[in-house]
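Peer 1: What follows is a predicted protein model with its sequence.
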There are 2 protein chains.
Amino acid sequence: MSKGKRDVIVIGGGISGLSAARLLQDQGQNVLLLEARNRVGGRTYTVKDPAFQYVDLGGAYIGPTQNRIIRVAKELGIQSQIVNEKERTINFSNGKSHAFRGAIPTYPGFFALLDANNAMGLLDSYGEEIPAAAPWDAPRAVEWDSMTVQSWADANCWCHFTKESITIISRAAFATEPSNLSFLFFLWYIKVGGGVLRFMSTTNGGQERKFVGGSMQVSEGLAGKLGKENVLLNHVVSSVEQSDDGVKVTTRTGDVFEASYMISAVPIALLGKLTFQPPLPSLKSQLIQRMPMGSVIKTFTYYKRSFWRDLDYNGIVLGSEGPVVGSFEDIKPDGSHPAIMGFLNGEKARKYCLMTKEERKKVVCEYYAKVFGTDEALHPVNYVDHNWMDEEFSGGCYMAAAPPGVFTQFGRVMREPLGRVYFAGTETANHWAGYMEGAIQAGERAAREILHQKGLISKDEIWQEEPESLDIPAKPFDTSVVERLLPSIPGFLKLAATAITVTAVAAIVHLL
Amino acid sequence: MSKGKRDVIVIGGGISGLSAARLLQDQGQNVLLLEARNRVGGRTYTVKDPAFQYVDLGGAYIGPTQNRIIRVAKELGIQSQIVNEKERTINFSNGKSHAFRGAIPTYPGFFALLDANNAMGLLDSYGEEIPAAAPWDAPRAVEWDSMTVQSWADANCWCHFTKESITIISRAAFATEPSNLSFLFFLWYIKVGGGVLRFMSTTNGGQERKFVGGSMQVSEGLAGKLGKENVLLNHVVSSVEQSDDGVKVTTRTGDVFEASYMISAVPIALLGKLTFQPPLPSLKSQLIQRMPMGSVIKTFTYYKRSFWRDLDYNGIVLGSEGPVVGSFEDIKPDGSHPAIMGFLNGEKARKYCLMTKEERKKVVCEYYAKVFGTDEALHPVNYVDHNWMDEEFSGGCYMAAAPPGVFTQFGRVMREPLGRVYFAGTETANHWAGYMEGAIQAGERAAREILHQKGLISKDEIWQEEPESLDIPAKPFDTSVVERLLPSIPGFLKLAATAITVTAVAAIVHLL
């Protein structure tokens, strides 16, 4: 281990930090990466065990339009497998399983169709008004950032079905409650994930695939390319001292490292653990108090056989009533080790973290027995879960989510460099923020900021578009003309009232 | 300095930690207090200078019903002086100064009177439904915690005057924006401060007095009683390790201290700086990411003479349009060093922290010139300000304020002890939380939790009522019968509509 001065020190060995370090090294920079844990991978975490071969206890899903993670995985020779959506998906509501095929639940009625269609359309059309790189500059930013997603849904959605759908999106995709989230942040996050359908879909969407062998291979592969001597595990950074000509980084155990520049790929909410000299400026110091991590317990319930398939179910279950807010079938490519992966997120995580693992296993199995309608679900062969709230160096999962008022007041400083220190991490992305894709975009962008600072690339090379993958291309979504033209409930009532009035006037005219 | 094992270590030498340590020492416990700064006082901070004798750059105001801080100050021989409210107060709105006498602004019209009166009445009546010690248990807790104060005002206030008043309360009393705050937290905080009038008033309210010589004397006095050898400054705690028989506390520089119990009087948002072994449980670990400190720059503009008094103004200016969200006259008891103390809070703090001190001085003086209507305000003899967002060991001021969804989901664990570690700090109070009063209540309660744990007092002695001060008694507020009976605007319109209908029906009946 060389203690000589490096060009760049990267703090954080998740996908974002490793992507930054790797790009810099490829450009001839002498890079050192410091990781607090005894492993790389950050919020991706693959555990191996003969009982189930391997399991992704952290971030796992990828899909079309996520071209950076597809590129990196391909370079590293990591294959992906399709997440099963063949059979019927279940929407569990009002104590009953409602099965449907494809991405969109069967609407419980005509008004629910109008209402949900209108709400989802609004989320996308509002998203179009939001600049991906600066959501705080949207014309209606202050209005949307002044309310929670819950307040917006309460004021604008008419049907229980629609409000419940918003709750499910908040919990399953943001790992938090609609009452915790800024509506502006919600709109922006869905927008940079490609809009409601791309963002929420399995097939052709963000959850289409997972990596054969587990997602942590991405980080291990990147770390391998960096070289063992350049990636130091178990190095918890405690202070960052900047001077005119460099950055001095000190660990908890007193090791000191020096470099010309530094990249932080530490989650925003955990930056307070580091002491900065000079101290963080006011807005950054207050931002890091205001971007809390989501609440996730990821569970895997293994069964002897994928009994749900026999019942024409694909294992995907959405619902707001049980412990699990969203589930997928989890199975090895050879069909072995069938399981249901279920997220206990948001208020469910906060409730079920107080239980023992055995108790959680019980409530999860009982829920599956109810939704699949079979006692076979009560008899798993194995159960694994992971509570991300307890991870000292993540603070939660999947990502930091902004409460009201944070983006408009503090968003501008999120990825603003401080002297020789630059900021990566998936939260600072503007394409699939919060995902592995965003982690790579953010890491590579931060790396290029330093290359630009050193005069090696021009300013307009910092942010780069990624060419579309030919292996996993994105298809457009076929939203029928009917759906695009459907009115909202108030619109429909107005139309109906007009029709009734016209008919009545015609009748009166006829009578006269 | 004895390195022997103590009974209790207290971390944090603000008023809360010192109050805890002092009560424990009085009960015969061997106490050590560790303070990160080179001074005690925490968020109270008195600076001395021949130019102005002394100035309170931090917490300063006290008033009737704050009987604990009154008691402690009296014991320490600290006098208080009345904040001037004799002349007219200014409400600066729509670019104009509207002057009035007493606590309640002149309403800009009949509807504004109805609307504001109704809104303030609702805040108090909702407050009555909220248990002070467990706001998350209020019958409507989930509803109120799902929205921001801004969302509530947008949906329930009709007049600009009322919405502006809510903004001023949020900024002046919470140091944040109504768009950042949970409505449940807002209601609870006002309730435990005695209701809208007590909470917001100068005379007979929370801002009635300040301490002659400065509020930091309280902490210095308490530290003096504890004894120099028991209060260690410049000791930044970095880790807390619990075992079956005690707590081991380590500082950044490697000093180690041991005790049977520990009290943390560290602001909630800064607890992440400490490493706990065993680690903080899930909910606590996520709570500390979710209680951000307010944004405050406290300014003092000194003048040759208190020119505002000549214009029949008392120096109190409220408004949402300028840099200053609320101001008071600040003057020594002998009439020397007249100044206007002005808070730049919430979004104002976030805007003006980007300026230099000289630039801030200029905008503040220009604002005073406009509101007082005299160029004399442009010529201060001195200007002092303090940006609390830059304080590493406070993280902001006045206190932590909960965004939506935090109290109902995480509030329960706020003051829940963890093994041998107990939690003080003004945020954990249920009487004048966020104030010096709350700091003492919380500190003494945490101390008594340990005394109870040691079998020295009974459980029902932990929480203690404080007898009312005879020196500074609280008077009831004289809200006239008319104000209590006034309807809301919708109520008034309904009444009016009924009256019109009755009149019309009577007229029709008369015609028949």
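Peer 2: Perfect, I can see it now. Numbering: from 1, shown residues only, chains lettered A, B, ... in the order given.
Peer 1: Any residues of the stretch 301-450 of chain A in contact with chain B? List them.
Peer 2: A:347, A:349-350, A:353-354, A:387, A:389-390, A:392, A:395-396, A:403-406, A:408-410 (CB under 8 Å from any CB of the partner chain). Glycine gets a C-beta too; all of them are placed from N, C-alpha and C.
Peer 1: Can you select the buried ones from the residues you listed in ChimeraX?
Peer 2: Buried residues among those (16 or more other CB atoms under 10 Å in any protein chain shown), as a ChimeraX selection:
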select /A:347,349,350,353,387,389,390,392,395,396,403,404,405,406,408,409,410
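Peer 1: Which ones among the residues of the stretch 301-450 of chain A next to chain B lie within helices?
Peer 2: A:347, A:349-350, A:406, A:408-410 (DSSP state H).
Peer 1: Below-threshold pLDDT in chain A: ranges please.
Peer 2: Low-confidence segments of chain A (pLDDT under 70): A:1-3, A:480-482, A:505, A:508-512.
Peer 1: Give me the distance between the residue nearest in space to the middle of it and chain B.
Peer 2: The residue lying closest to the centre of chain A (CA atoms, centre = their mean) is A:Gly434, at 4.0 Å. A:Gly434 is 16 Å from chain B, where distance means CB to the nearest CB, to the nearest Å.
Peer 1: Is that residue in contact with A:Gly425, as I believe?
Peer 2: No: here A:Gly434 lies out of contact with A:Gly425, judged by CB atoms under 8 Å, at a distance of 10.1 Å.
Peer 1: what sits up against the helix or strand containing A:Ser16?
Peer 2: Using DSSP states H and E, A:Ser16 sits within helix A:15-26. Surrounding helix A:15-26, the residues in contact under the criterion CB atoms under 8 Å, 6 or more residues apart in numbering or on different chains are A:7-8, A:10-11, A:31, A:33, A:35, A:40-42, A:44, A:69, A:72, A:218-219, A:222-223, A:225-226, A:230-231, A:263, A:265, A:424-426, A:436, A:439-440, A:442-444, A:446-448, A:450-451.
Peer 1: contacting residues around A:Asn234?
Peer 2: A:35-38.
Peer 1: For it, what are phi and psi?
Peer 2: Torsion angles at A:Asn234 (phi, psi; degrees, to the nearest 10) stand at phi 60, psi 30.
Peer 1: before we move on, what about A:Asp255?
Peer 2: phi -70, psi 140.
Peer 1: from the contacts of helix A:15-26, which ones fall inside helices?
Peer 2: Per DSSP H, those map to helices at A:69, A:72, A:218-219, A:222-223, A:225-226, A:436, A:439-440, A:442-444, A:446-448, A:450-451.
Peer 1: So among those, which ones count as buried?
Peer 2: A:69, A:72, A:218-219, A:222-223, A:225-226, A:436, A:439-440, A:442-444, A:446-448, A:450-451.
Peer 1: Report the contact partners of the closest residue to A:Ser179 other than its chain neighbours.
Peer 2: Spatial nearest neighbour of A:Ser179, excluding adjacent residues (CB to CB, 6 or more residues apart in numbering or on different chains): B:Ser146 at 3.7 Å. Shown in contact with B:Ser146 (CB under 8 Å, 6+ apart): A:148, A:150-151, A:154, A:178-179, B:404-405.
Peer 1: Spell out which two among these are the most distant pair, please.
Peer 2: Farthest pair in these (CB to CB) is A:Asp154 and B:Gly405. Separation: 13.9 Å.
Peer 1: contacting residues for the closest residue to the residue nearest to the centre of chain A other than its chain neighbours?
Peer 2: Setting aside the residues directly before and after it, A:Gly434 is nearest to A:Met399 in space (CB to CB, 6+ apart), at 3.7 Å. Neighbouring residues of A:Met399 by CB under 8 Å, 6+ apart: A:43, A:175, A:267, A:293-294, A:426-427, A:433-434.
Peer 1: Which one of these is nearest to chain B?
Peer 2: Set against chain B, the nearest of the contacts of A:Met399 by CB to the nearest CB is A:Met293 (6.3 Å).
Peer 1: Phi, psi for the closest residue to the closest one other than its chain neighbours please.
Peer 2: Spatial nearest neighbour of A:Met293, chain neighbours left out: A:Gly396 (2.8 Å); criterion: CB to CB, 6+ apart. Torsion angles at A:Gly396 (phi, psi; degrees, to the nearest 10) stand at phi 150, psi -180.
Peer 1: returning to that earlier point: Throw the ones in helices among the residues of the stretch 301-450 of chain A next to chain B into TSV and include distance to A:Leu197, thanks.
Peer 2: TSV is the format used below for these (distance: CB to CB, whole Å):
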residue	distance to A:Leu197
A:Glu347	26
A:Ala349	26
A:Arg350	29
A:Val406	27
A:Thr408	27
A:Gln409	31
A:Phe410	30
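Peer 1: Buried members of the contacts of A:Asn234 into ChimeraX, please.
Peer 2: Buried residues among these (16+ other CB under 10 Å), as a ChimeraX selection:
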select /A:35,36,37
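Peer 1: As TSV, the contacts of A:Asn234 with distance to B:Pro380 would be great.
Peer 2: Formatted as TSV, these follow (distance: CB to CB, whole Å):
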residue	distance to B:Pro380
A:Glu35	52
A:Ala36	49
A:Arg37	54
A:Asn38	58
